[in-house]
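Q: When you get a sec, could you give me coordinates for this:
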Amino acid sequence: MVKELKEFGVEAYGYDPLLSKEEIDGFGVKVYDFNLDVKIDCVIVAVAHDEFKKNPFLAQVLSLERKCDVRGMFDGKEAISKGLYYKTL
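A: Purely as a prediction, here's the structure:
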């Protein structure tokens, strides 16, 4: 997935509370840091860790314009009712 995104010129970041920075680097993405002032246009949720539901990351994800929830972690109807463009596989 990362390879294809990069072919389209996407600057990809990764975040996973269960992985070290080195493990995230291994996917070929930059490690996302909540303290960075980075504009994110889209989030792809590829794992449905319970930690995501407990983390402030969830609120940030729900505030984004576009996201793709690969694991079906979010309530699609709720996301759409908040005006988000929401897709799941």
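Q: CA atoms for contacts and neighbours, from now on please.
A: Noted.
Q: lowest-pLDDT helix or strand in this structure?
A: Of all the helices and strands that make up the chain, the one with the lowest confidence by mean pLDDT, DSSP states H and E is strand 66-69; it has a mean of 59.
Q: Which secondary structure elements does whichever helix or strand comes after that one sit against?
A: Of the helices and strands lying after strand 66-69 in sequence (DSSP states H and E), the nearest is helix 76-81. Packing partners of helix 76-81 (3 or more C-alpha pairs under 8 Å, 6 or more residues apart in numbering; DSSP states H and E): strand 85-88.
Q: Quick one: distance of the strand it packs on to the chain centre.
A: Counting by C-alpha atoms, centre = their mean, to the nearest Å, strand 85-88 is centred 12 Å from the centre of its parent chain.
Q: Return the set of buried residues in it.
A: Neighbour counts over strand 85-88 (16 or more other C-alpha atoms under 10 Å) mark residue 86 as buried.
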